[in-house]
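> all I have is the shape, not the residue letters:
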């Protein structure tokens, strides 16, 4: 087994805790090379907005984070932002596993859809599609604005405004 596969095999996932916040910030700043995403995560985690926050751990070290937060729009919808993996642990399927775990947790808790602004080549592997997001009235429409139905038909016929939580109110 190569080093990357061994690391991935030893990685575990759980919901984040208040004591993880400094480590989450560190991972997001390393992954993005700027503080914006870390600032957004801090604001959302400290706000009354409903969130699902998962971390990837190697031992007790946080090496990845994904945050899903409630959207105003279609019934029981979430925004996936941000997804971050420590650069030392990228290309080891940590992000893929984080997203998969988060989507399963969301599905199990009764959420119906998830929206993301990201790379179609990456997110389409989970079932995200730009056509599912076409009903959203939002400035950032286009091929990188994607949605996933956690419940079949959850976005069928839906058209309307999509309001992101946080200071910017936009997908990024």
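Structure's in. What do you need? Small disclaimer: the values here were computed from a predicted structure and weren't measured.

> could you measure from residue 79 over to residue 63?
Residue 79 is 23 Å from residue 63, where distance means C-beta to C-beta, to the nearest Å. Heads up, the C-betas are built off the backbone N, CA and C, glycines and all.

> any weak-confidence spans in this structure?
Applying pLDDT under 70 to the chain flags residues 1-6, 166-172.

> show me where it has its helices.
Using DSSP state H, the helices found in the chain span residues 3-10, 21-32, 36-46, 94-108, 120-123.

> residue 153 is nearest to which of those?
Closest of the helices of the chain to residue 153 is helix 94-108, at 14.2 Å (criterion: C-beta to C-beta).

> the closest one vs helix 21-32, what angle?
Comparing the axes of helix 94-108 and helix 21-32 via axes from the mean of the first three to the mean of the last three C-alpha atoms, to 10 degrees yields an angle of 120 degrees.

> residue 57: neighbour count?
When neighbours are counted by other C-beta atoms under 10 Å, residue 57 registers 16.

> if we can go back for a sec, I'd like the helices of the chain as JSON lines, with mean neighbour count and distance to residue 55 appended.
Below are these laid out as JSON lines (neighbours: other C-beta atoms under 10 Å; distance: least, C-beta to C-beta, whole Å):
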{"stretch": "helix 3-10", "mean neighbour count": "12", "distance to residue 55": "15"}
{"stretch": "helix 21-32", "mean neighbour count": "18", "distance to residue 55": "7"}
{"stretch": "helix 36-46", "mean neighbour count": "18", "distance to residue 55": "11"}
{"stretch": "helix 94-108", "mean neighbour count": "18", "distance to residue 55": "8"}
{"stretch": "helix 120-123", "mean neighbour count": "15", "distance to residue 55": "20"}
